[in-house]
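Asker: sequence plus the predicted model coming up.
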Amino acid sequence: MRLDKLLFETGFGSRRTVKRLLKSKQVQVNGQTIMVDSLNVDPQLQEVTVAGVPIDYQPHVYYMLHKPAGVVSAVSDAVNQTVIDLIEPSQRVPGLFPVGRLDKDTEGLLLLTNNGQLGYQLLIPKKEVTKCYEVVVNERVTDDDQLAFTAGIVFDGGVICKPAQLTILSQSDTESRVLLEISEGKFHQVKKMFLSVGKKVIYLKRLSMGPLQLDKTLSLGSYRPLHAEELVALKPYFK
């Protein structure tokens, strides 16, 4: 790993700040002062210090979790069980957090990592990362509803959602099961979108986020490390 990337990822500021640290001779590798930002280092085998203080480097981990309902998407909570509580204690590395959030009553795909930069890249609005949800609502979804989603739902107050794709899987007069694809992440967005067309969400499950697809073999509450091909698919979001 390049030295400047290591310092950036361990919280020593922007790349410009890191360059200043190197130029001011505050960075050492195995006791030797280093001023070259492109030097390749292995923080697990070499001691890297800044102003005499060893850096606390944690290798990045990436877990796919099948979040169950009843668990909150948070690092800690005084009352509720969190998604971090579902991870084996030996695998709860420092800095582990959920990328985005699913409501307490929502199931499905959630990525957990300690790579803050990846989390930022997946959530930043300009990236327009697509999320796909399975949704059950309490009424029949109409053609007009589909047109409204395609045009962009407008919330009370004038907030306009980006166009979304709504696909009907099955329906009756009292229930509809649909797939919804959106490319943004407003607070309670899916539920508010359906309320805007007079429907109430009674079941919600996220199936995908960007290139990641929920592993159908993962039972509710279980997780696994991302496979190599999944990490490759996420490569555009590694900065």
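Answerer: Arrived safely, thanks for sending.

Asker: burial of residue 148, as a residue count?
Answerer: Applying other C-beta atoms under 10 Å, we find 18 residues neighbouring residue 148. (Glycine included, C-beta is placed from N, CA and C.)

Asker: which strands and helices sit next to whatever helix or strand it lives in?
Answerer: In this assignment (DSSP states H and E), residue 148 forms part of helix 143-151. Counting contacts by 3 or more C-beta pairs under 8 Å, 6 or more residues apart in numbering; DSSP states H and E, helix 143-151 is packed against strand 165-171.

Asker: pLDDT averaged over the strand it packs on - what is it?
Answerer: Mean pLDDT, strand 165-171: 97.

Asker: now for that strand, which elements pack on it?
Answerer: Packing partners of strand 165-171 (3+ C-beta pairs under 8 Å, 6+ apart): helix 143-151, strand 176-182.

Asker: tell me the most buried of those?
Answerer: Of these, the one with the most neighbours on average (mean count of other C-beta atoms under 10 Å) is strand 176-182, at a mean of 19.

Asker: what are the contacting residues of that one?
Answerer: For strand 176-182, contacts defined as C-beta atoms under 8 Å, 6 or more residues apart in numbering pick out 130-137, 139-141, 149, 161-162, 164-171, 189-190, 193, 199, 207.

Asker: show me what contacts residue 125?
Answerer: Here residue 125 is in contact with 184, 185 (criterion: C-beta under 8 Å, 6+ apart).

Asker: thinking again about what came up before, of all the helices and strands packed on strand 165-171, which one is nearest residue 65?
Answerer: strand 176-182 (20.4 Å; C-beta to C-beta).

Asker: partner strands of that closest one, parallel or antiparallel?
Answerer: Its sheet considered, strand 176-182 pairs with strand 131-137 (antiparallel), strand 165-171 (antiparallel) by DSSP bridges.

Asker: now the very next helix or strand once past it: how far from the chain's centre is it?
Answerer: Note on strand 176-182: by DSSP H and E, the next helix or strand toward the C-terminus is helix 189-196. The chain centre lies 21 Å from the centre of helix 189-196; the measure is C-alpha atoms, centre = their mean, to the nearest Å.

Asker: coming back round to it: show me which of the contacts of strand 176-182 are buried.
Answerer: When neighbours are counted using 16 or more other C-beta atoms under 10 Å, these contain these buried positions: 131-137, 139, 141, 149, 161, 164, 166, 171, 189-190, 193, 199, 207.

Asker: beta partners for residue 49?
Answerer: Counting by DSSP bridges, residue 49 is bridged to residue 28, residue 54.

Asker: thank you, goodbye.
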